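Undergrad: Kindly generate the corresponding structure for this input.
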Amino acid sequence: SPLAPGGAARISRDGSIAIVDVTYDAPTPQLPKSDGSTLIDTVKRFAAPGFVVAVNGQLAENAQTEKTSDSTALGAVCALIVLGVAFGAFFSALLPILTAMAAIGIGYSMTAMVSHALTTANFAPILGLLIGLGVGVDYALFIVTRHRNGLRAGRSVEESAVNAVNTAGRAVFFAGITVCIALLGQFALGVSFLYGVAIAASITVALTMAASLTLLPALLGVFGDHVLSRRERRRLAADGPQSEDLTAGFWWRWSRSVERRPAVRAGLGLLIVLVVAAPVLGLRLGLTDAGSDPVGTTTRTAYDLVAKGFGPGFAGPFQLVATLPSPHDAAAFARVVDATAHVPGVAAVT
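TA: Below is the predicted model of the structure:
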């Protein structure tokens with residue numbers, strides 16, 4: 001208690017804000033969320049007009065009810081709209097979304113299983129979901145586009161699907177492997193809490209790749225020629241198959257212009273990249289804390305109160321840790337602590 005002997009340091013100078021430490025008999029990772037919920041509910045009962053009580057700490061963060069973000073659903077809807085405009089056919093736009101969602105669902109479940117064997121950060125599932133949605137739509141888009149070209153060229157549904165997987169599917173296979181290797185490269189950083197994140201994201205990407213090469217072709221067979229718009233089907237029936245010749249159109253002409261002046265285009269591209277990347281020179285990195293939580297949550301309220309009463313940084317102190325096998329070492333460590341108190345910018349040392 002801040003009111004107990006020696007607790008004065010837990011009361012702000014103006015006497016309006018105090019900190020009470022709650023200690024459990026087990027480390028936070030071993031405590032169930034229900035313990036945090038019980039603590040928050042207990043504290044809330046003491047709130048009154050003019051008297052604000054809030055809870056901070058990892059246990060409260062874990063137990064705090066998280067509002068389901070609509071951003072993922074919104075992203076899927078936007079992707080569906082963009083694909084619909086690009087393809088002009090509902091089923092062509094729907095197939096990449098269905099394939100990605102199926103893979104993401106399995107990946108989400110497997111991430112939960114991985115967490116029982118490997119420490120996994122709480123943001124690993126959402127990271128896997130976002131990456132899976134992105135690459136899933138991308139991979140399926142390759143195959144669906146090639147399949148549609150085959151149908152317009154007069155191929156049967158089965159022949160077109162086989163050709164699409166045999167051509168675009170190869171690119172999807174190697175792209176998926178490359179992404180998994182890149183994600184697993186986080187092991188090279190030596191930061192252990194990223195290992196679970198890397199594995200979770202890699203699993204989702206691998207499943208997305210597998211779904212694009214297995215589930216997607218099956219769905220192409222189910223939907224048949226409905227992956228083409230009605231206008232395309234009518235044109236195919238009236239005019240017959242179209243040529244698969246790709247040496248025409250805007251992108252073909254663009255590729256030829258790049259070949260004619262590769263140095264100019266490469267230099268222009270590099271200049272754009274440097275301009276866009278310029279802000280990285282002033283990049284400031286750091287880990288998020290309760291100060292990033294939504295306003296009104298108990299953890300954000302507690303964080304703001306502590307910063308107001310005790311100064312910025314009080315809620316995230318540095319800890320000095322040492323092994324002291326002898327009294328001489330303890331005296332040496334005491335000198336380190338005393339010297340730290342005189343470092344400019346240090347508010348207090350306890």
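Undergrad: Can I get the one helix or strand in the chain whose mean pLDDT sits lowest as PDB, trimmed to CA atoms?
TA: Each helix and strand of the chain was given a mean pLDDT (mean pLDDT, DSSP states H and E); the minimum falls on helix 71-87 at a mean of 77. Included here for helix 71-87 are C-alpha records, laid out as PDB according to Å, rounded to 0.1, in the frame of the first residue of the first chain:
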ATOM      1  CA  SER A  71     -10.500  -4.000 -40.500                       C
ATOM      2  CA  THR A  72     -10.000  -7.500 -41.700                       C
ATOM      3  CA  ALA A  73     -13.600  -7.900 -42.900                       C
ATOM      4  CA  LEU A  74     -13.400  -4.500 -44.500                       C
ATOM      5  CA  GLY A  75     -10.200  -5.500 -46.200                       C
ATOM      6  CA  ALA A  76     -11.900  -8.600 -47.600                       C
ATOM      7  CA  VAL A  77     -14.900  -6.600 -48.800                       C
ATOM      8  CA  CYS A  78     -12.600  -4.000 -50.500                       C
ATOM      9  CA  ALA A  79     -10.600  -6.800 -52.100                       C
ATOM     10  CA  LEU A  80     -13.800  -8.400 -53.400                       C
ATOM     11  CA  ILE A  81     -14.900  -5.100 -54.900                       C
ATOM     12  CA  VAL A  82     -11.500  -4.500 -56.600                       C
ATOM     13  CA  LEU A  83     -11.500  -8.100 -58.000                       C
ATOM     14  CA  GLY A  84     -15.000  -7.700 -59.200                       C
ATOM     15  CA  VAL A  85     -14.200  -4.500 -61.100                       C
ATOM     16  CA  ALA A  86     -11.100  -6.200 -62.500                       C
ATOM     17  CA  PHE A  87     -12.700  -9.400 -63.600                       C
END
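Undergrad: Quick one: residues in contact with that helix.
TA: Contacts with helix 71-87, where a contact means Cβ atoms under 8 Å, 6 or more residues apart in numbering, come from 90, 92-94, 96-97, 101, 126, 129-130, 133, 137, 141, 144, 148, 227, 229. All C-beta atoms are positioned from the backbone trio N, CA, C, and that covers glycine.
Undergrad: Whichever of these end up buried, select them in ChimeraX.
TA: A single ChimeraX command is used to select the members of those judged buried by 16 or more other Cβ atoms under 10 Å:
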select :92,93,94,96,97,101,129,130,133,137,141,144,148,227,229
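Undergrad: after the least confident helix or strand of the chain, next one along is what?
TA: Following the chain from helix 71-87 toward its C-terminal end, the next helix or strand by DSSP states H and E is helix 90-114.
Undergrad: tell me the angle of the helix or strand just after that next one relative to helix 90-114?
TA: Heading C-terminal from helix 90-114, the first helix or strand you meet, by DSSP H and E, is helix 124-152. When axes from the mean of the first three to the mean of the last three Cα atoms, to 10 degrees is applied, the directions of helix 124-152 and helix 90-114 differ by 150 degrees.
Undergrad: Tell me the buried residues in helix 124-152?
TA: Buried residues in helix 124-152, defined by neighbour count with 16+ other Cβ under 10 Å: 124-125, 127-144, 146-152.
Undergrad: quick revisit: buried residues in the least confident helix or strand of the chain?
TA: Under the neighbour-count criterion of 16+ other Cβ under 10 Å, helix 71-87 has Ala76, Ala79, Leu80, Leu83, Gly84, Phe87 buried.
Undergrad: Pick out whichever of these sits closest to Ala347.
TA: The shortest distance between Ala347 and any of these, using Cβ to Cβ, involves Ala76 and amounts to 46.8 Å.
Undergrad: So the closest one versus Ile104, what's the distance?
TA: Separation of Ala76 from Ile104 (Cβ to Cβ, to the nearest Å): 10 Å.
Undergrad: residues shared between the contacts of the two?
TA: Contact criterion Cβ under 8 Å, 6+ apart; residues shared by Ala76 and Ile104: Leu133.
Undergrad: where does this protein have low pLDDT?
TA: For the chain, applying pLDDT under 70 flags the ranges 65-72, 244-249.
Undergrad: quick revisit: quick one: the least confident helix or strand of the chain to chain centroid distance?
TA: Once both centres are worked out by Cα atoms, centre = their mean, to the nearest Å, helix 71-87 turns out to sit 19 Å from its chain's centre.
Undergrad: Check this protein and tell me which residue is nearest its centre.
TA: Among the residues of the chain, the smallest C-alpha distance to the mean C-alpha position (Cα atoms, centre = their mean) belongs to Leu127, namely 2.5 Å.
Undergrad: That residue reaches Ala198, doesn't it?
TA: No - if you go by Cβ atoms under 8 Å, Leu127 and Ala198 don't touch, sitting 9.7 Å apart.
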